[in-house]
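J.: Next come a sequence and a model predicted from it.
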Amino acid sequence: MPLLSPLESNPARSWRPPASHQYLGQLPFAIVCWSGVVALETSYVFVSDAAGGNILPATHYLVWASFNWFALALLTPLIYGLGRQYPITGANWARYIFFPHALACLGCLITQAVCRGVAGRIYTLTHELPASAVTLAAAWIEDRGTLALIAYWLIVIMAGFAQLREEARQRELRQAQLETRLASAELEKLRMQIQPHFLFNTLQAAITLVQEDPAAAEDVLLRLSGLLRISLDQMDSNEIPLARELEFLDLYIGIQQRRFGERLSVEIHADPATLGLLVPTLILQPLVENAICHGIGKHKGEDCIEVFANQQRGGLQIEVWNSKSVVDEASERLFQRGVGLRNTKARLEHLYGPAASLIFRPLARGGAAAIIFMPARSSPQTEAHSATEAVL
């Protein structure tokens, strides 16, 4: 089997010169850097000649310094591109040092030497004593070949570190995208857990009413149909406007009021400015269900559940109050009681991170309150509507 070079054995690594726009974009920077080298050499040679008492015209020093490095200036973007594609800072550094970089380095030195020889030969024909191109090229290799060699490898090393930085950035980007997809999948899983839990409880309420009050059972099933329709409409949405969430909550409350009759009353106190703000889908239903379950569901008499929504501290705060519940445990322990509260807290964390919170606290008048705080974000439709009203 014939031996293959590293380039041939890995077609994906076959060298591709930088596109013209990349080359032209990098060339000005390369020229500026090499102009600095030209300026330093011009000054050094001039000072050396001045010290020896043999000063030539200033253009002489500048022209020869330019001849010494102009080809490398033009080759620098290509060297940098080769260094990015075959980085000597990676796993294959030993192989890449010998091929392609050793060969490319030799080619660059020869190119610069030939260009210096040809340009110098043309220049000496009209400005100095004629010298052969071979002599001028050989003199450049002898005097400046080592410096050019160092310059080549410095460019390759910088390109290798730039490639490492780019690969690290790409890894971070892929990691962020993966975490986003995982978070979306986790949110979907949490929402799918809430829906069967809610459906089971609602159907239980309907079954209880079938024999006692068929009309009420029919109303419960109609409201459940409306709830399912809204759920299907919002299946692909992690957030909906608060106004839409309150519509959903109203259907759910109607079901519970059929179950508890006049014993249960619900009041909604939502600041109109909050109705267009986004909230997680089905975020209120588990809180109201928890208030009913641990309030009127366990105690005799009447109960009033109040829902407040207003903007505070630059965010949206929603509170669910009821007069029968008692907060006798820390919030963290309450979240372990059932699926609804635990998933509500988890969804807030996934969507908003530390910017959101869910806590429980006792009310001074008696009862308990569940308090949600989250960033205040408007839906695009709300922003567009507000902009239209502003124009009108």
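T.: Yes, it's here.
J.: which residue sits closest to Trp34, ignoring its sequence neighbours?
T.: Counting by Cβ to Cβ, 6 or more residues apart in numbering, the nearest residue to Trp34 once its immediate chain neighbours are dropped is Ala73, at 3.8 Å. Every C-beta, even on glycine, is put in place using the N, C-alpha and C of the backbone.
J.: does that neighbour belong to a helix or a strand, and which?
T.: For Ala73, the element it lies in under DSSP states H and E is helix 58-85.
J.: What is that helix packed up against?
T.: For helix 58-85, the packing partners by 3 or more Cβ pairs under 8 Å, 6 or more residues apart in numbering; DSSP states H and E come out as helix 20-51, helix 103-127, helix 133-212.
J.: so of those, which one's packed in deepest?
T.: Ranked by average neighbour count under the criterion mean count of other Cβ atoms under 10 Å, the helices and strands packed on helix 58-85 are headed by helix 103-127 at a mean of 17.
J.: which residues sit against that one?
T.: Residues from elsewhere that reach helix 103-127, judged by Cβ atoms under 8 Å, 6 or more residues apart in numbering: 60, 63-64, 67-72, 75, 79, 82, 130-138, 140-141, 145, 148-149, 152-153.
J.: I'd like the average pLDDT over it.
T.: Per-residue pLDDT over helix 103-127 has a mean of 93.
J.: try stretch 242-251
T.: Stretch 242-251 carries an average pLDDT of 90.
J.: hey, C-alpha coordinates of that stretch in PDB?
T.: Extracted as PDB, the C-alpha positions of stretch 242-251 are listed here (Å, rounded to 0.1, in the frame of the first residue of the first chain):
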ATOM      1  CA  LEU A 242     -51.400  36.700  31.900                       C
ATOM      2  CA  ALA A 243     -54.800  37.600  30.500                       C
ATOM      3  CA  ARG A 244     -54.900  34.200  28.700                       C
ATOM      4  CA  GLU A 245     -53.800  32.400  31.900                       C
ATOM      5  CA  LEU A 246     -56.600  34.100  33.800                       C
ATOM      6  CA  GLU A 247     -59.100  32.800  31.200                       C
ATOM      7  CA  PHE A 248     -57.800  29.300  31.800                       C
ATOM      8  CA  LEU A 249     -58.000  29.800  35.600                       C
ATOM      9  CA  ASP A 250     -61.600  31.100  35.300                       C
ATOM     10  CA  LEU A 251     -62.700  27.800  33.700                       C
END
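J.: what sits up against it?
T.: Stretch 242-251 is contacted from outside by 223-224, 226-227, 230-231, 234, 268, 270, 274-279, 281-285, 288, 307, 309, 316, 318, using Cβ under 8 Å, 6+ apart.
J.: now with 6 Å?
T.: Arg223, Gly226, Leu227, Ile230, Thr274, Leu275, Leu277, Val279, Leu284 (Cβ atoms under 6 Å, 6 or more residues apart in numbering).
J.: And for stretch 268-280?
T.: Among residues not part of stretch 268-280, those counted as contacts by Cβ under 6 Å, 6+ apart are 239, 241-243, 245, 307-310, 316, 347, 351, 376-379, 382.
J.: and it, which residues are buried?
T.: For stretch 268-280, the neighbour count (16 or more other Cβ atoms under 10 Å) marks Ala270, Thr274, Gly276, Leu277, Leu278, Val279, Pro280 as buried.
J.: List the ones among those that fall in strands.
T.: By the criterion of DSSP state E, membership of these in strands covers Ala270, Leu278, Val279, Pro280.
J.: Please report how far the third one lies from Trp321.
T.: Using Cβ to Cβ, to the nearest Å, Val279 is found at 18 Å from Trp321.
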